[in-house]
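Q: next comes the sequence, and after it the predicted model I'd like to discuss.
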Amino acid sequence: MEYFLELFFGGLTRGSIYALIALGYTMVYGIIQLINFAHGEIYMIGAFVALIVAGICTIYGMTGISVLILAGVIAVIYACAYGFTLEKIAYRPLRGAPRLSPLISAIGMSIFLQNYVLLVQTPDFLPFPSLIPDFAFMEPVAYIIGSPELVILVTTFVTMILLTLLIKKTRVGKAMRATQQDMNMARLVGVNVDRIISLTFIIGSALAAIGGVLVASYIGQVNFYIGFLAGVKAFTAAVLGGIGSIAGAVLGGLVLGWAESFAAGYISSDYEDVFTFGLLVLILILRPSGILGKTRKQKV
Amino acid sequence: MLRDFKQSLLISAWFVFLTFPLMAVRVNTTDQVVTWRLMNMVWVAIGSFVLSYAWRFMLERKKVRKKTAEEGADTRSKLQIKLEDMSFRYKAMGGLLIVALVYPLVVNTYQTNIMISALIYVVLGLGLNITVGLAGLLDLGFVAFFGVGAYTFALLNHHFDLGFWMTLPLGGVFGCLLGVILGFPILRLRGDYLAIVTLGFGMIFKVVMENWDSLSFGPSGIANIDKPGLFGMDMNLAQSTTYIYYIMIALVVFTILITNRLKNSRIGRAWIALREDEIACVAMGIDMARTKLSAYALGAFWAGMVGVLFASKTTFINPASFTFMESAIILSIVVLGGMGSILGVILGAFILILMPEYLRDLSEYRMLAFGAAMALMMIFRPQGLVSGLRQKYEYKGTKDQVNNG
Amino acid sequence: MADKKHKLLEVKGLTMDFGGLRAVDSVSLEVHEGEIAALIGPNGAGKTTFFNCVTGIYNPTKGDILLHPKGLETRRLNGLKPNKVTEMGLARTFQNIRLFQDMTVLENVMIGRHCRTKSGIFRSIIRDKGVREEEQQIVETCYQLLEKVGLGDSANEFAKNLPYGAQRRLEIARAMATDPFLLLLDEPAAGMNPQETADLDHLICRISEEEKIAILLIEHDMKLVMNISNPIYVMEYGKKIAEGSPQEIKDNPKVIEAYLGEETED
């Protein structure tokens, strides 16, 4: 039972991170039907910027959770800037082009950003300073869930609540939903579609960066390549839950996190990634619209 | 003018901000050292200022081109027009073939080896060109088929001592088979889903090869794979390299011949139609599943076949040769060269494989450039360096003689 | 008179739901040999959805779609893939033109011949005499079709470079290349000027008379179809509200209320 609980919370932690990244995929896909391949790279850049900030701080003697928060804030700002620029350079000129074009452009940008970080920083794994203290009140349950896990769970939970409020309650959120349903119609009723698309990229990037910072401080190391696998997995989560659906991305992330955690814990960790992709393939074949997704009427 | 200047200044400032933490600071958290590289910021500022002008210029040119195309004017480049002239094409091909045949006799073994790798990528590119370029199925796990071919030969050679020539077609057939097996369930998927699933398959292939020790010997790979034999003759390294080179040339010619015929056939037209518009395609009576499967499997066939040659050339393979980066390189060859264009793909392979070899200093920027090139090509020149040449059809006018032009 | 003619297409109680939305609500219609039937109705009445059900792009929720080819047994089209429907002799065009933009005009039509020809992969590689002859025949047939719709001179142009009206005619030629006995045209005159529309009417009549192809066409604008079609079916909000000859439709109070009423408002 203890082992089960450990795997359960491990999966939950992992899944909530997947969910954060998956939200970016799902929101972008919902609006412009593009798999933003470079989204994983935004996550990686977020983690890297946080590492740089946190690294400087610790080297100059500052430490603790406030450093993590500072690093997180700067990481989010930079991730947003990168996401915004990415959309403007690589995707906006391709609006209205054949479907394959922005997708290839996205793959190109993913490779570009990976190698950009590789070249200007380092190919090695860099240790991320551990900034989350062990909370005293967590001690009784520390054998199943540690303080870092708690921080991750609380942060993702709060982030998701804020996101839901933004989408459901604000004017901007309304405009986003309208654009998602019918871009042309939204434009006709006066929504600035370009701005909404930019905004979607910015929000998605912010979420990815939060995920990146949390993972980096949890796993304790960062490298230029971490975004790729995380990106593919988060995409799997988005598809699993039903791409285009916010709740679906969260659910998909959690399901995937648990599936991986339990499969690795009870079966074998060698083939962990195989499970993920196996799951993705199965979902796409059996229920391409995902758990919560609606089948979209194809326009003919 | 002033507006452009102001805009460029703004862009320059933005990129300085954007690249600041990653380019100006380097933190080594292992040794607790911070390096400041503020000079980099100057380069970024100047570079982005200049590039923003180039970007504007290119966008402007694209607009002009589009306009002239809409007015029905000829937008083909001089090279393109020249290439569409059949007699020029035959002459050029003949000349190239002679150069190709003489090549290993005038250069050393090292150069020949490099050329062999480039030719391997030519065949891989031509194979992927069927799947991506003609049929429009974005395959990001293409390297798996290449790996299947290589492992087919390595294993059959290791366990049963099968020779190169026996296995060459087998590699193709296995690649093809895997293509069909994978293709059946996934080809119903829409284009972007297909991309991600094939990416997954490519990764699964690598993970399985790394972990299934009893079959694949794990990450340490398989060594001492036989080189191609020629009637049991003993050959030294130089001779066998030259021999492999000629085999490769033959394989390339064979591939070009067959893919060209397919492209201009009933099947090839169906592939292109599928790429252009799936719904219209099925509404015109084309069986989508079958057409997709054939494109997918035929692309895989070439990868499998050339995989055999790759294993035989290097005499050693391990899973590290079959990463996503390889798939990405093959894809950039097709994208850069021109999707659907055989000549373009050949050109693309030579540029992307030979350039980093001969510009060693720049070779670490290779993947950076490939990534940028993929995005830039899509934005400014989606048809690639050489766009697909159209077959001209001869027909008799029904009532009066019509010139076809 | 319609009773004597052979019934080609028979749709009975066709219903199509999307989630909670009923886009087509038990619509029945028939198309007989030699007819130019029309399906009209305001925007969003479910006409195109009806077409998509008949041609296999959607699988209808309820109802029967029966095809009675002459001299062959009746086939139920429900759930068949679009390519099978086309193979059976029912071809269509699209409301928002769906040409193969980066192929030449001639090649576009040649795609239509795909299901009527049979060279496979291996024979295409070997390119034996049979294949070469088949290819030549495809080219000739398609070229003749292009001449018929008045596009013979543009055969080697890219489809995307054709003017709008010509693109619509090319869609018709492409559909005809599949050897249909029934042609479904989805708003063939949309976006055309009066002259082009008149030419199109003429072309449709010629196809019907010379090629002996029955036609079912969707039109948004009722006036256009009055000259050439009989019978006319009227749809509104997914339901069929009237059917009959042009005169009957004109006089039908329901149609005037639902359809013409809306028309005069804007």
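A: Cool, the structure landed.
Q: what secondary structure does residue C:26 sit in?
A: Secondary structure state of residue C:26, per DSSP: H, G, I helix; E, B strand; the rest coil, is strand.
Q: ok, it touching residue C:15?
A: Yes. In terms of C-beta atoms under 8 Å, residue C:26 counts as a neighbour of residue C:15; the distance is 5.2 Å. The way it works is simple: take the backbone N, C-alpha and C, and place the C-beta from them, glycine included.
Q: overlap in contacts, the two.
A: Residues touching both residue C:26 and residue C:15 by C-beta atoms under 8 Å, 6 or more residues apart in numbering or on different chains: C:62-63.
Q: which stretches of chain B have low pLDDT?
A: B:72-77, B:389, B:396-405 (pLDDT under 70).
Q: mind splitting it into its structural domains?
A: Domain assignment for chain B by automatic domain parsing gives B:2-70, B:78-380.
Q: does any part of the last one sit near chain C?
A: To tie it back to what came earlier, the one meant is domain B:78-380. Yes. Domain B:78-380 reaches chain C (C-beta under 8 Å from any C-beta of the partner chain) through B:258, B:261-262, B:265-270, B:272-273, B:276-277, B:279-288, B:294, B:298.
Q: show me the residues you listed that map onto helices.
A: Judged by DSSP state H, the residues of domain B:78-380 next to chain C include B:258, B:261-262, B:266-270, B:272-273, B:276, B:279-283, B:288, B:294, B:298 as members of helices.
Q: got a list of contacts for the worst-scoring helix or strand of chain A on mean pLDDT?
A: Ranked by mean pLDDT, DSSP states H and E, the weakest helix or strand in chain A is helix A:272-286, scoring a mean of 79. Helix A:272-286 is contacted from outside by A:229, A:232-233, A:236, A:239-240, A:256, A:259-260, A:263-264, A:267, A:290, B:185-186, B:188-189, B:193, B:196-197, B:200-201, B:203-204, B:207-208, using C-beta under 8 Å, 6+ apart.
Q: give me the buried positions along it.
A: Residues A:272-277, A:279-281, A:283-284 are the ones in helix A:272-286 that count as buried (16 or more other C-beta atoms under 10 Å in any protein chain shown).
Q: again, but for stretch C:94-111
A: Residues of stretch C:94-111 classed as buried: C:94-95, C:97-111 (neighbour count, 16+ other C-beta under 10 Å).
Q: now the helices for chain A?
A: A:2-32, A:39-59, A:65-86, A:100-120, A:147-169, A:171-181, A:183-188, A:193-219, A:226-241, A:246-266, A:272-286.
Q: distance to residue B:223 for these - can I get that in JSON lines?
A: Shown next, in JSON lines, are these (distance: least, C-beta to C-beta, whole Å):
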{"stretch": "helix A:2-32", "distance to residue B:223": "38"}
{"stretch": "helix A:39-59", "distance to residue B:223": "35"}
{"stretch": "helix A:65-86", "distance to residue B:223": "43"}
{"stretch": "helix A:100-120", "distance to residue B:223": "30"}
{"stretch": "helix A:147-169", "distance to residue B:223": "44"}
{"stretch": "helix A:171-181", "distance to residue B:223": "54"}
{"stretch": "helix A:183-188", "distance to residue B:223": "56"}
{"stretch": "helix A:193-219", "distance to residue B:223": "35"}
{"stretch": "helix A:226-241", "distance to residue B:223": "29"}
{"stretch": "helix A:246-266", "distance to residue B:223": "32"}
{"stretch": "helix A:272-286", "distance to residue B:223": "26"}
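Q: for these, which one sits closest to residue B:63?
A: Closest approach to residue B:63 among these (C-beta to C-beta): helix A:100-120, 16.8 Å.
Q: just checking, what packs against the closest one?
A: helix A:39-59, helix A:226-241, helix B:191-211, helix B:324-337, helix B:366-380 (3 or more C-beta pairs under 8 Å, 6 or more residues apart in numbering or on different chains; DSSP states H and E).
Q: the inter-axis angle of the third one versus helix B:266-276?
A: Using axes from the mean of the first three to the mean of the last three C-alpha atoms, to 10 degrees, the direction of helix B:191-211 lies 110 degrees away from that of helix B:266-276.
Q: dump the residue contacts of the nearest residue to residue A:63 once chain neighbours are set aside.
A: In this structure, residue A:63 finds its nearest non-sequential neighbour in residue A:131, 6.4 Å apart by C-beta to C-beta, 6 or more residues apart in numbering or on different chains. Applying C-beta under 8 Å, 6+ apart to residue A:131 gives the contacts A:54, A:58, A:63-65, A:67-68, A:71, A:217.
Q: next, count neighbours for the spatially closest residue to residue A:81 that is not a sequence neighbour.
A: Nearest non-adjacent residue to residue A:81, counting by C-beta to C-beta, 6+ apart: residue B:18, 5.5 Å away. Using other C-beta atoms under 10 Å in any protein chain shown, the number of residues around residue B:18 comes to 18.
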